Structures are given as C-alpha cells and as structure tokens.
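*Asks:* Everything below, folded, please.
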Amino acid sequence: MEKKNKAEELLKKDGEEAIPKGSISQFINDKEKEISEIILELSQDTEIYNPKQTFNRLKKYQSSLQKKNKGRPLYSKITKKIHDMDENKKNNITENLTKLISFTEKEKEDSIFPIIFKIYDHINLAQFQELEIKQAVEDAKANISAMFENSEKKFDEKAEKEKIKAIKEITKNINDESRGAQRGYVTTLGIFAAIILAAFSSLSLAKNATEGNYGDLHGAILLNTILGTLVLGLIQMLLSAIFKMEGKEYHWYNVVLSCIALWIAAAAAWYVAQ
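*Replies:* Numbering: from 1, shown residues only. I've put the predicted structure just below:
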C-alpha cells in the first residue's frame, strides 16, 4: 500500500489529485501510449507534419486532466524514445515543436501551453543528455587512444634506445676484439721474427765457434751444445708467450726434453770424436 502511494505521488501533478482509484498499471500503460503517440507525431517528416493533429491530441489530454485523471508526462518514456531515434527524426522533432508552438499561439489556447512546455523542455533535455553522453564516449575513446599512443611511443622510444645501446655495445666489443686480435697478430709476428733471428744467430755463433776452435773438435761440440741449449730455451719462452695469448697452457717439460735430447746428441758426437 505504501509503494502504491509513492507511485501515485510520482505520477501526480503538483498540487492536484493525480490518479483515479483503480489500476496504477493501466494508468501507466495509458500514459506511455499517449506520450509515445505524441512523440511519434512530432518525429514525422516536416513536410507532412500536421501540428493541428498534435494540438487536438493535447487538448484531449488537457480535458482528461480536468476530469481528475491527472498526471505528469512520463519523462522516462520521452527519453527512451529520443535515444532510440535516428538523427533525422530528432531534427524533425525540433522543427515540428516550433510549428506546434506557433500553431498553439495562433489558436490562443493557453491552457495546453504548460504541457507543450514540459514536453518541449524534456525533449531538449533528452537530446542534450544524449549529446553529453556521446561527447563523454568520444572523450573517453580519445583519452584511451592517446594513452595507447603514448604508451606505444614510449615503448618505441625505449626499444630504440635499447637498440642503439645494444649496437654500441656490439660495436665496442667488435672493436675491442679487433684491437686485441691485431695486437695478437703483431705479437705473434714479433715472436716468430725473434725465433728466426735466434735461430740464424745461433747458426752464426756456432759457425764462428767452430772456426775459432778448428782442430779442437771436443771444444767445438761443447760450445755448440751450450749455444743450442740457450737457443732452445729462448724458443721455448717465445712459444710459451704465444700459448698464453691464445689462452692455452704451455708445458715447460718440452724445454727439458729438448735440452736432454740435445745433450744426448752432443754426448754421442763427443764419443765418436774420441
């Protein structure tokens, strides 16, 4: 009962007894039908719209109010109708309302002006709300689009920075490796040059020692063996340096084995010379 009284309060006109005793549901259905027919008429093409028809319908509605079947237009129904229409019909309503107001002024029927004013006001309000909603949706889309564009731009900038950084690091590593390789080549060539120089120097020394000790074969053997030992040691040191540059381990027992082999050969030559 309390809910029914509240519904009656919402549907009644200010300061007036609104709904006759009976079915509220039927009353609401009648009001929806009436307002739907009025909005449908107002949405007709402006070339065929007849304001007199709407005017008569409003007069009939006004007459029903005078018989105590009073109530406000269902604004929610007006709003739904406006939102469901296409743009052409919305434009037709605006122009046809202007025609209806002009026709009513000519007929001098001031009694229905409040109803026309309410319908006119709420139609404009519904259209304004729809524009606001559309604008809000467009703004939201624009904001989301801008957000994604900014995020994508920041991501691209970050990716570009990482790409440049990676290229710089790779270039630096290549340059470092290239310089290292060049130094290694130069060092290797220097070592081989030293080995060749040591070999030829030892041959020259051996020749001079042999010539200086001509007739003393044992002395020549001993001197050449000592020189050979020194040359082998120098060569082994140079080879050790090469291995170290290549990151490999060089075993010094090669020097010992080479020297032992040299001294064995020298001992054999000494024995033969006796």
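
*Asks:* what number of residues lie near Leu239?
*Replies:* One way to gauge burial is a neighbour count; for Leu239, by other CB atoms under 10 Å, it gives 15. For the C-beta atoms, the positions are set from N, CA and C on the backbone; glycine is no exception.

*Asks:* From Leu227, how far out is it?
*Replies:* When CB to CB, to the nearest Å is the yardstick, Leu239 and Leu227 sit 19 Å from each other.

*Asks:* For the strand or helix carrying Lys31, which helices and strands make contact with it?
*Replies:* Assigned by DSSP states H and E, Lys31 belongs to helix 24-42. The elements that helix 24-42 packs onto, with contact taken as 3 or more CB pairs under 8 Å, 6 or more residues apart in numbering; DSSP states H and E, are helix 2-11, helix 51-66, helix 75-84, helix 87-107, helix 113-212.

*Asks:* Could you give me the buried positions within that helix?
*Replies:* 27-28, 31-32, 34-35, 38-39, 41-42 (16 or more other CB atoms under 10 Å).

*Asks:* Output those residues as JSON lines; include the columns pLDDT and distance to Ile144.
*Replies:* Below are the buried residues of helix 24-42 laid out as JSON lines (pLDDT from 0 to 100; distance: CB to CB, whole Å):
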{"residue": "Phe27", "pLDDT": "69", "distance to Ile144": "45"}
{"residue": "Ile28", "pLDDT": "71", "distance to Ile144": "40"}
{"residue": "Lys31", "pLDDT": "73", "distance to Ile144": "41"}
{"residue": "Glu32", "pLDDT": "75", "distance to Ile144": "38"}
{"residue": "Glu34", "pLDDT": "77", "distance to Ile144": "42"}
{"residue": "Ile35", "pLDDT": "77", "distance to Ile144": "37"}
{"residue": "Ile38", "pLDDT": "82", "distance to Ile144": "40"}
{"residue": "Ile39", "pLDDT": "82", "distance to Ile144": "35"}
{"residue": "Glu41", "pLDDT": "83", "distance to Ile144": "41"}
{"residue": "Leu42", "pLDDT": "83", "distance to Ile144": "37"}
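
*Asks:* May I have stretch 231-241 exported as CSV, CA atoms only?
*Replies:* Below are the C-alpha coordinates for stretch 231-241, written out as CSV (Å, rounded to 0.1, in the frame of the first residue of the first chain):
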residue,chain,number,x,y,z
VAL,A,231,118.6,-21.1,-28.3
LEU,A,232,116.1,-23.8,-27.4
GLY,A,233,115.4,-22.1,-24.1
LEU,A,234,114.7,-18.8,-25.9
ILE,A,235,112.5,-20.5,-28.5
GLN,A,236,110.5,-22.3,-25.7
MET,A,237,110.0,-19.0,-23.9
LEU,A,238,108.6,-17.4,-27.1
LEU,A,239,106.3,-20.3,-27.7
SER,A,240,105.1,-20.1,-24.1
ALA,A,241,104.2,-16.4,-24.8
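
*Asks:* tell me the mean pLDDT for it?
*Replies:* Along stretch 231-241, the predicted confidence averages to a pLDDT of 72.

*Asks:* swap in stretch 76-94?
*Replies:* When pLDDT is averaged over stretch 76-94, the result is 79.

*Asks:* That stretch: which residues count as buried?
*Replies:* Buried residues in stretch 76-94, counted by 16+ other CB under 10 Å: 77-79, 81-82, 85, 89-90, 92-93.
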